[in-house]
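Novice: pasting the structure only:
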Ligand SMILES: CC(=O)SCCNC(=O)CCNC(=O)[C@H](O)C(C)(C)COP(=O)(O)OP(=O)(O)OC[C@H]1O[C@@H](n2cnc3c(N)ncnc32)[C@H](O)[C@@H]1OP(=O)(O)O
């Protein structure tokens, strides 16, 4: 039995919003559907129907993704993928994935990205694990900076309205330098600003800080939450970072200092942070920054292999022939000659003998430089018919800083 797929209409949006609540495990209050409407691209939704009943959902955002070389690439951000518990394991997800990737290709987007509810789902559809993120906690009484910020200027505690006049521009400048980051449209900020109580994880509403340079221009922004706790009369209060971006590393260090120098705070916590958090190397006692979690974050699928590969820059000048397997989209499979370097790249189909062979998901994992070819080779995922090609690929695909997905979706 097949279940017809189509984008939904505006009138059907509440039905779609309802359909995804049981699979994702939440119950909505009335306001959420209006927030959802603000950020939903209706023509990019997909629903599966069993008669009138919506039994599958999917959607996509039209993102700009930063890729190595600090170039921007149009990418589809796959989201709200659910199948009703009454219809699971009948192929509805597979049919939605097929239809969605066709649509991504028709739109001329070369890449699809997502964050996965379970890491076991999307490899079969050609998505590779392209970035990880970390969570950490830092007790403030031992968190002295060995390299204090050299930023001049001043910090201001501001209200949400003032923050939103200047904060989004700080983010928009910064995300262009972070492979794996995406743009945030105004609707994203509008929903973020609402700071609905049920999205706070039991913590306070946000506090907002702007950093201004000597000329009074905003060059840094911070939003954080706090919880209140005490034990034996001693503070166990935690500040949790929500957003922290600056025009440069010194401004960001000034924002960290602001958090760490708070009175009546036991620790600072951060989630969804880059795996190479520079703050660790600023601390006099780096062991005090305790990593509490490292998880897969961005999954990336090359939809147009040559389009995507030629859109980024490479760590060194080299030419590699990569034979790509793609069981889910066989027309993408084949041999590709990639000729690139720090200043540009070109990619064509070829009949030449391959230097490397891999699944399209592994090429997706390599794409942002978040894992080395050596690691994938040692995991049995990449073969090197040309001896030494894996080492060459390490240097070629290398990118710094490591990719960081700054914005959950
Ligand atoms: C980007 C995002 O939105 S991530 C959110 C994903 N959604 C959720 O986690 C919500 C709860 N889960 C669900 O809604 C559903 O179980 C889904 C969407 C994960 C799967 O939908 P289904 O229609 O049951 O999947 P479908 O029958 O098409 O299965 C396709 C393949 O994926 C596999 N698969 C499906 N779900 C999972 C899973 N959770 N873990 C591992 N494999 C899975 C199936 O076994 C099948 O494998 P095969 O092709 O080798 O036979």
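Specialist: Thanks, I have it. Quick caveat: nothing in here was measured; it's all calculated off a predicted structure. Numbers count the residues shown, from 1 in each chain.
Novice: Neighbours of residue 68, how many?
Specialist: Around residue 68 there are 21 other residues, counting by other C-beta atoms under 10 Å. Every C-beta, even on glycine, is put in place using the N, C-alpha and C of the backbone.
Novice: So it is in contact with residue 368, correct?
Specialist: Yes - Residue 68 is within contact range of residue 368, at 6.5 Å (criterion: C-beta atoms under 8 Å).
Novice: hey, what's in contact with both of those two?
Specialist: Contact criterion C-beta atoms under 8 Å, 6 or more residues apart in numbering; residues shared by residue 68 and residue 368: 179, 399.
Novice: and residue 39, what does it touch?
Specialist: Applying C-beta under 8 Å, 6+ apart, one finds that residue 39 lies in contact with 61, 185, 187-188, 191.
Novice: and what of residue 15?
Specialist: By C-beta under 8 Å, 6+ apart, the residues touching residue 15 are 8, 54.
Novice: Would you check the distance separating the helix or strand containing it from the middle of the chain?
Specialist: Taking DSSP states H and E as the criterion, residue 15 maps to helix 13-19. From the chain centre to the centre of helix 13-19 is a distance of 25 Å (C-alpha atoms, centre = their mean, to the nearest Å).
Novice: cool, and stretch 312-323?
Specialist: What separates the centre of stretch 312-323 from the centre of its chain is 24 Å, taken as C-alpha atoms, centre = their mean.
Novice: same question, stretch 89-100
Specialist: Offset of stretch 89-100 from its chain centre (C-alpha atoms, centre = their mean): 23 Å.
Novice: same question, stretch 222-240
Specialist: The chain centre lies 28 Å from the centre of stretch 222-240; the measure is C-alpha atoms, centre = their mean.
Novice: what is the mean pLDDT for it?
Specialist: Per-residue pLDDT over stretch 222-240 has a mean of 92.
Novice: who touches it?
Specialist: Applying C-beta under 8 Å, 6+ apart, the external contacts of stretch 222-240 come out as 137, 163, 167, 200-211, 241-244, 255, 258-259, 262, 264-271.
Novice: do the same with stretch 96-103
Specialist: Outside stretch 96-103, the residues within contact range by C-beta under 8 Å, 6+ apart are 5, 44, 46, 48, 56, 58, 60, 76, 78, 81, 112, 125, 301, 303, 328-329.
Novice: Kindly report the same for stretch 396-405.
Specialist: Contacting residues not belonging to stretch 396-405 are listed as 68-69, 115, 130-131, 133, 178-182, 272-276, 297-298, 312, 314-316, 318, 320, 340, 366-370, 372-373 [C-beta under 8 Å, 6+ apart].
Novice: Apply the buried test to the residues you listed and list what passes.
Specialist: Buried subset of the contacts of stretch 396-405 (neighbour count, 16 or more other C-beta atoms under 10 Å): 68-69, 115, 130-131, 133, 178-182, 272-275, 297-298, 312, 314-315, 318, 320, 340, 366-370, 372-373.
Novice: Among the residues you listed, which lie within strands?
Specialist: Among the buried ones among the contacts of stretch 396-405, the members found in strands (DSSP state E) are 133, 272-273, 318, 320, 340.
Novice: quick one, strands of the stretch 201-350 of the chain?
Specialist: For the stretch 201-350 of the chain, strands defined by DSSP state E, counting those that start in this stretch occupy the ranges 207-212, 218-227, 230-231, 234-235, 238-246, 267-273, 289-296, 299-302, 318-325, 334-341, 344-349.
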